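[1] no sequence for this one, just the structure:
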């Protein structure tokens with residue numbers, strides 16, 4: 001039985017002579033929190049774009065849950081159990097937290113989600129999913145608050161909650177603490193740790209304290225390729241990592 005939920009082989013993306021991704025062999029083990037780090041321009045976001053179908057790789061392959069998704073469009077990948085927090089580019093600012101989650105749950109129905117003639121009773125399952133996610137991300141007390149009235153940190157938590165509405169096997173988070181105040185970061189750290197108990201989580205993150213505290217595995221990218229991969233202690237002590245990345249951040 002394969003222990004890996006996501007695997008890439010020789011994954012590359014070129015723009016003319018420029019290689020945004022060189023040749024990436026990545027394996028994400030089921031039930032782990034796997035973090036991708038690296039300096040700006042290392043290829044982290046490009047890798048995410050290829051994994052989620054936003055970009056079509058120039059070479060190599062992507063397998064998710066045993067299926068070849070290399071040429072599949074983004075919505076097909078979501079249907080197989082892959083969810084990306086920043087696919088939701090903005091919240092419905094004038095709707096409540098609960099309504100945002102309900103709409104995200106409704107979106108699981110594909111084209112059926114546009115069936116506006118459905119009665120409220122037929123949407124009850126979406127409200128139940130919204131309430132379940134409210135509990136999971138600890139926003140129940142703010143259920144009736146307009147999303148636009150939330151703090152930035154709370155909005156980021158809500159975006160993660162919306163990505164959970166599709167019951168993903170693999171949750172991809174792109175810099176979930178970006179823009180957060182220092183008081184909000186522990187909330188997101190605890191949330192990701194909890195999510196890692198029920199989902200496989202892959203994230204890009206610059207906050208090294210968070211990365212080292214919650215990651216099971218870390219992939220360090222540099223100039224479009226994997227530089228080092230291993231457990232936090234192994235990565236922290238690697239001289240190549242210190243030179244390429246950690247030294248730059250002063251961590």
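    Noted; the coordinates are in hand. Nothing here was measured: the structure is a model prediction, and the numbers come from that model.
[2] wait, a strand at residue 160?
    No: under DSSP: H, G, I helix; E, B strand; the rest coil, residue 160 falls outside any strand and is assigned helix.
[3] give me every residue that touches it.
    Residues near residue 160 by Cβ atoms under 8 Å, 6 or more residues apart in numbering: 85, 137, 171, 173, 176, 188, 191, 195. From N, CA and C alone the C-beta is placed, and that goes for glycine too.
[4] can you do 10 Å?
    83, 85-86, 88, 133, 136-137, 171, 173, 176, 188, 191-192, 195 (Cβ atoms under 10 Å, 6 or more residues apart in numbering).
[5] before we move on, what about residue 197?
    31, 33.
[6] what about it, which helix or strand?
    For residue 197, there is no host helix or strand (DSSP states H and E).
[7] I'd like the list of the contacts of residue 160 that fall within strands, please.
    83, 171, 173 (DSSP state E).
[8] any chance of the residues you listed in TSV, plus distance to residue 48 and pLDDT?
    Below are the ones in strands among the contacts of residue 160 laid out as TSV (distance: Cβ to Cβ, whole Å; pLDDT from 0 to 100):
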residue	distance to residue 48	pLDDT
83	12	87
171	12	95
173	9	93
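[9] quick one: which of these is most hemmed in?
    residue 173 (26 neighbours; other Cβ atoms under 10 Å).
[10] distance of it from residue 128?
    The gap separating residue 173 from residue 128 is 25 Å, by Cβ to Cβ, to the nearest Å.
[11] one step back: which two among the contacts of residue 160 are spaced furthest apart?
    86 and 136 (19.0 Å; Cβ to Cβ).
[12] between these two, which is the more surrounded one?
    Higher neighbour count among residue 86 and residue 136: residue 86, with 19 against 16, using other Cβ under 10 Å.
[13] for the residue nearest to residue 223 when sequence neighbours are not counted, give me its contacts.
    Closest residue to residue 223 apart from its sequence neighbours, by Cβ to Cβ, 6 or more residues apart in numbering: residue 42 at 6.6 Å. Contact partners of residue 42, counting by Cβ under 10 Å, 6+ apart, are 36, 204, 220-227, 244-245.
[14] any idea how far residue 42 is from residue 207?
    16 Å.
[15] ok, now residue 139?
    For residue 139, the distance to residue 207 equals 22 Å [Cβ to Cβ].
[16] and if you look at residue 160?
    15 Å.
[17] and if you look at residue 189?
    Counting by Cβ to Cβ, the separation of residue 189 from residue 207 is 8 Å.
[18] any common contacting residues for those two?
    Joint contacts of residue 189 and residue 207 (Cβ under 10 Å, 6+ apart) are 176-177, 213.
[19] PyMOL command for the buried members of those residues?
    Command for PyMOL that selects the buried part of the shared contacts of residue 189 and residue 207, burial taken from 16 or more other Cβ atoms under 10 Å:
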select buried, resi 176+177
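[20] tell me the bridge partners for residue 204.
    residue 36, residue 174 (DSSP bridges).
[21] my read: it touches residue 218, true?
    No: assessed by Cβ atoms under 10 Å, residue 204 is found out of contact with residue 218, at 11.3 Å.
[22] which neighbours do the two share?
    Contacts common to residue 204 and residue 218, judged by Cβ under 10 Å, 6+ apart, are 35-37, 211.
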